[in-house]
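In: how does the following fold in three dimensions:
(one chain, ligands or ions: 2)
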Amino acid sequence: MTTHSSVVTRVATTSLPCRYGVFDMLGFIDDAGIEHVVLAQGDLASDEAGPPMVRVHSECLTGDGFGSWRCDCGDQLDAALATIAAVGRGAVVYLRGHEGRGIGLAEKLRAYELQDAGMDTVDANLALGHEEDARTYHAAAAILASLGATRISLLSGNPAKQLALEALGIEVVGRHNLAVPTRAENERYLATKRARMRHDPAADTDLELLGRYGDITGTDPVVIAQMGQSADGFIAARSGDGAELTSVEDREHLHRLRALVDAVVVGASTVAADDPRLTVRSVTGADPVRVVVDPSARTSPAARVLTDGAAPTLWLVGEDAPIPSVPAHVTVLRLPEQRDGFAPAAILARLAERGLGRVLIEGGGRTVSRFLTAGAIDHLFLTVAPVLIGDGVPGVRFSGADRLDGAVRPPSRSFPLGPDTCLHFDLRTGRAKGPAAA
Ligand SMILES: Nc1nc2c(ncn2[C@@H]2O[C@H](COP(=O)(O)OP(=O)(O)OP(=O)(O)O)[C@@H](O)[C@H]2O)c(=O)[nH]1
Ligand SMILES: [Zn+2]
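Out: Ligands and ions are numbered 1, 2, ... in the order given. You can find the predicted model right below:
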């Protein structure tokens, strides 16, 4: 439809740097005088790259502004911005005048009062003399049409929103309900939306995962490192106890990384401290080959990687290190030692010889730091837990620079993992500027 253009006027075109990246920010006013905002990245009109991802988001001061957990608006907005920024193309059309599903802020708060007394979100609206959903999407459709985004992939769990946009001439070629955290506080609200407002039953995690891991999927060789550390940079307390430092969401992320690689590398200290299995359990995926970097062959023969046979294990030991006899799933590889351990490049070369080109350096702090210092890492995922340990086993460490302008600032982005924040550093182009060269 081309009649939309009379409904909205574009009044400003500027940009917004925010925690997810830099967005084009466009201001609109509709014919009722209501102001709307679009946050966009990439070319929305081009059909070459397929329909852009668009979130048509209803204003929610409590959710978007205050981080309320009574609804999922804030989480939806965050997930949409993060996914669009990760993919580099798409838009959030932020609709003012939609507060409280169109009944306004004060009325929404009155509806909350009724819900506090036991009513559900639909009945509360009806009891106050409102429709269950009073929103219209004329402005949204007009804004999208003015941007040339008339074929879109809609980020929403609400089929009524799709129908409304389609009726206004926007072709919705797919609809995805982004995954957002489940919270006890909004469980009832979300259940009501599904039961009474026909919202989608399950969240679609695929898009979010594509945003997070799209860069590292495929079959090309890649070296990924991961580290979970406290906000003050430790992976464990002084006793070495670090098992519960990061969240279950971070554990799932780690298992996803394991499932994406051919081999997972750990140092002997990590095996001694945690006795990890290094298999993929929290998600579905194939187990990687397990690689223990152990120049003096001090790993206990009782360690799980040397006994459980769950996946093949490569035990990398020094040329003269004495070793016990090992079970069939363990292969002993001998490497020449350097001043302090094996050269990361030598380890990677030995793995590549065996067809293991996709490698995850999983831990601990010293092993990851050695690979980082050697400039051998393409992607670093650093999960920061909101915890202060004060002193303990250090996480990422390297010699560093005297001045801040010598610090390593590769392209990065972040995403929440439950209470933790995961920082993804893309070190591919920055290798010359990485710690190795600092
Ligand atoms: N009246 C009322 N409005 C609410 C309540 N909780 C959230 N809202 C408003 O609902 C709007 C968001 O609508 P939702 O039904 O949560 O989600 P949706 O936009 O339809 O669907 P998605 O695209 O999947 O997020 C926002 O404007 C919120 O202010 C409530 O209990 N009562
Ligand atoms: Zn809300």
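
In: so residue 123 belongs to a helix, correct?
Out: Yes - per DSSP: H, G, I helix; E, B strand; the rest coil, residue 123 lies within a helix segment.

In: so residue 45 versus ligand 1, what's the distance?
Out: 23 Å (C-beta to the nearest ligand atom, to the nearest Å). For glycine as for every other residue, the C-beta is placed from the backbone atoms N, C-alpha and C.

In: the longest helix seen in the chain near ligand 2 anywhere?
Out: If you go by DSSP state H, the chain has its longest helix at helix 73-87. Yes - on the criterion C-beta under 5 Å from the ion, helix 73-87 is in touch with ligand 2 at residue 73.

In: so for that helix, what's the average pLDDT?
Out: In this model, helix 73-87 has a mean pLDDT of 89.

In: please save the CA atoms from that helix in CSV.
Out: Extracted in CSV, the C-alpha atoms of helix 73-87 (Å, rounded to 0.1, in the frame of the first residue of the first chain):
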residue,chain,number,x,y,z
CYS,A,73,9.1,-6.1,27.3
GLY,A,74,12.6,-5.0,28.5
ASP,A,75,14.0,-8.5,27.8
GLN,A,76,12.3,-8.5,24.3
LEU,A,77,13.7,-5.1,23.5
ASP,A,78,17.2,-6.1,24.6
ALA,A,79,17.1,-9.4,22.7
ALA,A,80,15.9,-7.6,19.5
LEU,A,81,18.6,-4.9,19.6
ALA,A,82,21.3,-7.5,20.4
THR,A,83,20.2,-9.8,17.6
ILE,A,84,19.9,-7.0,15.0
ALA,A,85,23.3,-5.7,16.0
ALA,A,86,24.8,-9.2,15.7
VAL,A,87,23.4,-9.7,12.3
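
In: does the helix or strand following it reach ligand 2?
Out: Using DSSP states H and E, the helix or strand that follows helix 73-87 in sequence is strand 90-95. No - contact of strand 90-95 with ligand 2 (C-beta under 5 Å from the ion) is absent, the minimum separation being 12.5 Å.

In: now do strand 90-95 against helix 73-87, angle only.
Out: Per axes from the mean of the first three to the mean of the last three C-alpha atoms, to 10 degrees, the angle that strand 90-95 makes with helix 73-87 is 150 degrees.

In: strand 90-95 packs against which elements?
Out: In terms of contacts (3 or more C-beta pairs under 8 Å, 6 or more residues apart in numbering; DSSP states H and E), strand 90-95 is packed against strand 35-41, strand 53-58, helix 73-87, helix 138-146.

In: re earlier: how far off strand 35-41 does the longest helix of the chain point, in degrees?
Out: 40 degrees.

In: burial measure for residue 59, as a count.
Out: Residues contacting residue 59 under the criterion other C-beta atoms under 10 Å number 20.

In: was I right about it contacting residue 102?
Out: No - look at residue 59 against residue 102 with C-beta atoms under 8 Å: they stay out of range, at 9.8 Å.

In: can you redo the helices and strands packed on strand 90-95 as CSV with distance to residue 268?
Out: What follows is the helices and strands packed on strand 90-95, written out as CSV (distance: least, C-beta to C-beta, whole Å):
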stretch, distance to residue 268
strand 35-41, 44
strand 53-58, 45
helix 73-87, 36
helix 138-146, 57
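
In: out of those, deepest packed?
Out: strand 53-58 (a mean of 26; mean count of other C-beta atoms under 10 Å).

In: report the closest residue of the stretch 301-438 of the chain relative to ligand 1.
Out: Nearest residue of the stretch 301-438 of the chain to ligand 1, counting by C-beta to the nearest ligand atom: residue 416, 17.6 Å away.

In: what about that residue, how many residues close to it?
Out: Number of residues near residue 416 (other C-beta under 10 Å) recorded here: 16.

In: likewise for residue 300?
Out: Residue 300 has 13 neighbouring residues, counting by other C-beta under 10 Å.

In: residues in contact with it?
Out: 271, 272, 306 (C-beta atoms under 8 Å, 6 or more residues apart in numbering).

In: hmm, the first one is touching residue 299, no?
Out: Yes - taking contacts as C-beta under 8 Å, residue 271 lies within contact range of residue 299: 5.3 Å.

In: so what sits against both of the two?
Out: Counting by C-beta under 8 Å, 6+ apart, the common neighbours of residue 271 and residue 299 are 292, 305.

In: the chain against ligand 2: which residues are in contact?
Out: So the chain meets ligand 2 at 60, 63, 71, 73 (C-beta under 5 Å from the ion).

In: recalculate using a threshold of 8 Å.
Out: 58, 60, 62, 63, 64, 68, 70, 71, 72, 73, 74 (C-beta under 8 Å from the ion).

In: could you chop this protein up by domain?
Out: Structural domains annotated on the chain: 3-98+135-210, 218-433, as defined by automatic domain parsing.

In: average pLDDT for the longest one?
Out: Okay, so that is domain 218-433. Across domain 218-433, pLDDT averages out at 93.

In: does the residue lying closest to residue 373 once chain neighbours are set aside belong to a helix, a strand or coil?
Out: In this structure, residue 373 finds its nearest non-sequential neighbour in residue 398, 4.7 Å apart by C-beta to C-beta, 6 or more residues apart in numbering. Following three-state DSSP, we place residue 398 in the coil state.

In: was I right about residue 398 contacting residue 372?
Out: Yes - applying C-beta under 8 Å, one finds residue 398 in contact with residue 372, separated by 6.0 Å.

In: which of those two has more neighbours?
Out: Neighbour count, other C-beta under 10 Å: between residue 398 and residue 372, residue 372 has more, with 24 against 15.

In: so where do the strands sit in the stretch 251-400 of the chain?
Out: All strands of the stretch 251-400 of the chain, identified by DSSP state E, counting those that start in this stretch, fall at 263-267, 289-293, 313-318, 330-335, 358-363, 379-385, 393-394.

In: dump the ones you listed to a markdown table, plus mean neighbour count.
Out: As requested, the strands of the stretch 251-400 of the chain are exported to a markdown table (neighbours: other C-beta atoms under 10 Å):
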| stretch | mean neighbour count |
| --- | --- |
| strand 263-267 | 26 |
| strand 289-293 | 25 |
| strand 313-318 | 22 |
| strand 330-335 | 16 |
| strand 358-363 | 26 |
| strand 379-385 | 23 |
| strand 393-394 | 18 |
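
In: mind putting those strands into CSV with distance to residue 114?
Out: Below are the strands of the stretch 251-400 of the chain laid out as CSV (distance: least, C-beta to C-beta, whole Å):
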stretch, distance to residue 114
strand 263-267, 53
strand 289-293, 56
strand 313-318, 60
strand 330-335, 64
strand 358-363, 51
strand 379-385, 39
strand 393-394, 52
